[in-house]
Structure formats: C-alpha cells, structure tokens
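Participant: heads up, no residue letters with this:
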C-alpha cells in the first residue's frame with residue numbers, strides 16, 4: 001500500500017490525481033501532517049509526501065531503522081514539478097516509485113542513488129539474495145576499480161564492468177561460503193529440493209531433513225528455488241508447510 005500525505009490545497013489536488021490513477025493501491029492520510037507521516041510510515045510499504053523535502057526529512061528521521069525494511073519515501077513539491085526519491089531508493093522502492101509518480105503527474109523524477117544515476121545495476125536490486133560488502137564493491141564499480149566476477153553457478157546478470165581479476169569481487173554461488181573482505185556473494189535460485197514423507201510427517205521433521213541435506217552438501221538455503229515432490233503428496237501438510245516456511249513454491253510431478 002502507498003500512503004499519500006499532503007498539507008496544502010495544491011498538494012491535495014496532486015494527491016487526488018495519484019489516488020485516482022492507482023485505485024486500490026493508495027491510502028490517503030489526513031489530519032496533522034506529522035501524525036499522518038508517522039502513521040503511514042508504520043502501515044505502508046511506500047509513501048508519497050506532497051511536502052517540502054526538509055519537512056519530510058525531519059519527520060521521518062526518528063522513524064528510520066533499516067534500509068532493507070523501511071518504506072520508500074518520495075516527495076513531490078508544491079508545484080508538482082519534481083518527484084524526489086528521498087529514502088529507500090533501492091530497498092524501499094522509492095526510485096521506481098518516483099519514476100511512476102512522475103509519469104502520472106508529469107513531474108521530473110529525481111533519483112540520486114549513484115548506481116541509478118550512471119545506469120549501473122545495483123547489486124542489491126538484482127532480485128538475488130546478497131551478502132557481503134555491497135557498499136564497497138558498488139563504490140569500486142562506480143570508481144572504475146578492478147572488480148572480479150567469480151561465477152561458480154552460471155546465472156544471467158545485467159551488464160557490469162567486471163573482469164577476471166580485481167581487489168574487489170562478486171561471487172555467484174549456491175554454496176555456503178562466507179564473503180571475504182571486499183567481496184559480495186550473490187545467491188541464485190539454482191537449487192530444487194526433492195522431498196518425500198510418510199503420511200502426517202510434522203513440518204519440523206521435513207524442514208530438519210531439508211536443512212541437514214543442504215548442510216551436508218555444503219549448499220545454501222538462500223539458493224533454494226522450490227520444493228518438489230510426487231503428486232500423491234501435493235496436499236501433505238508437513239511438506240506444504242515446509243515450502244511455506246522456506247518461502248518457495250511446492251511443485252509436484254507424476255510418479256513416473
């Protein structure tokens with residue numbers, strides 16, 4: 001849900017245009033602006049504030065916790081000229097939201113995230129679990145320093161200025177390795193776990209079996225793309241619940 005907050009008649013008019021363009025996706029917050037921002041920040045995935053950036057900075061600063069979980073915040077000025085990605089550009093989706101708001105309102109999206117500004121894919125926006133020195137490796141890519149790509153698993157990536165050697169590195173792997181200094185580890189969804197179970201097997205037992213198998217093989221649970229089982233077990237509660245706990249789909253196949 002996208003929270004919409006405004007303080008003036010002009011802001012309310014732009015707010016209402018956005019709400020009309022995105023039915024079911026937005027929620028208007030009224031009342032005192034400070035209360036509205038705080039409430040929307042707690043309840044919504046993203047916010048569009050038709051307020052000055054300075055005012056929004058002061059309001060959201062005490063609320064910020066982690067860029068991976070905080071909602072993205074976009075500010076639109078009184079004249080509707082700019083849609084500024086203020087907080088949560090990547091993780092919170094503010095960069096994408098600023099561009100979408102700009103399309104609806106005819107505003108210029110303002111995105112200052114370094115990788116976006118130069119057309120470089122952010123390492124934390126590839127849709128893959130990422131670990132390690134994201135900031136350091138991203139800075140090296142931006143500065144033109146040598147960055148080595150070590151692909152232990154063949155997986156498509158967007159164009160990146162990488163080579164075979166470098167003081168910094170990007171490793172693509174589904175193995176349980178720890179990132180070294182100056183390295184980012186990307187975990188592609190390259191693993192399928194086949195699961196069978198007796199009738200009524202508890203979810204904890206199924207999960208324990210999966211975790212043990214991955215650990216013994218030296219493989220990361222972050223790279224599991226799906227659980228697979230036979231059609232006859234498609235409704236087995238323990239297997240269904242295990243897939244849910246892992247956050248992956250359960251795929252079934254005929255016994256043959």
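Facilitator: On my side now, so go ahead. Nothing here was measured: the structure is a model prediction, and the numbers come from that model. Numbering: from 1, shown residues only.

Participant: got a list of what the closest residue to residue 220 other than its chain neighbours touches?
Facilitator: With sequence-adjacent residues excluded and distances taken as Cβ to Cβ, 6 or more residues apart in numbering, residue 220 is closest to residue 176, at 4.9 Å. Every C-beta, even on glycine, is put in place using the N, C-alpha and C of the backbone. Residue 176 makes contacts with 214-215, 218-220, as judged by Cβ atoms under 8 Å, 6 or more residues apart in numbering.

Participant: tell me the predicted confidence for residue 176.
Facilitator: According to the prediction, residue 176 has pLDDT 92.

Participant: from residue 247, how far off is it?
Facilitator: 18 Å (Cβ to Cβ, to the nearest Å).

Participant: before we move on, the earlier item: from residue 44, how far out is the residue nearest to residue 220?
Facilitator: 36 Å.

Participant: by mean pLDDT, flag the weakest helix or strand of the protein.
Facilitator: Sorting the helices and strands of the chain by mean pLDDT, DSSP states H and E puts helix 114-117 at the bottom, at a mean of 57.

Participant: who does residue 170 form a beta bridge with?
Facilitator: residue 149, residue 184 (DSSP bridges).

Participant: looks like it contacts residue 182 (just checking).
Facilitator: No: Residue 170 is not in contact with residue 182 according to Cβ atoms under 8 Å; the separation is 10.3 Å.

Participant: between these two, which is the more surrounded one?
Facilitator: residue 170 (24 against 17; other Cβ atoms under 10 Å).

Participant: just send the contacts of residue 176 back as a markdown table, with neighbour count too.
Facilitator: Below are the contacts of residue 176 laid out as a markdown table (neighbours: other Cβ atoms under 10 Å):
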| residue | neighbour count |
| --- | --- |
| 214 | 19 |
| 215 | 12 |
| 218 | 10 |
| 219 | 19 |
| 220 | 20 |
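
Participant: got the contact list for residue 130?
Facilitator: Contacts of residue 130 (Cβ under 8 Å, 6+ apart): 123-124, 184-187.

Participant: please state the offset of the top helix by length along the chain from the chain centre?
Facilitator: What stands out as the longest helix in the chain, according to DSSP state H, is helix 203-217. On the basis of Cα atoms, centre = their mean, to the nearest Å, helix 203-217 is displaced by 26 Å from the centre of the chain it belongs to.
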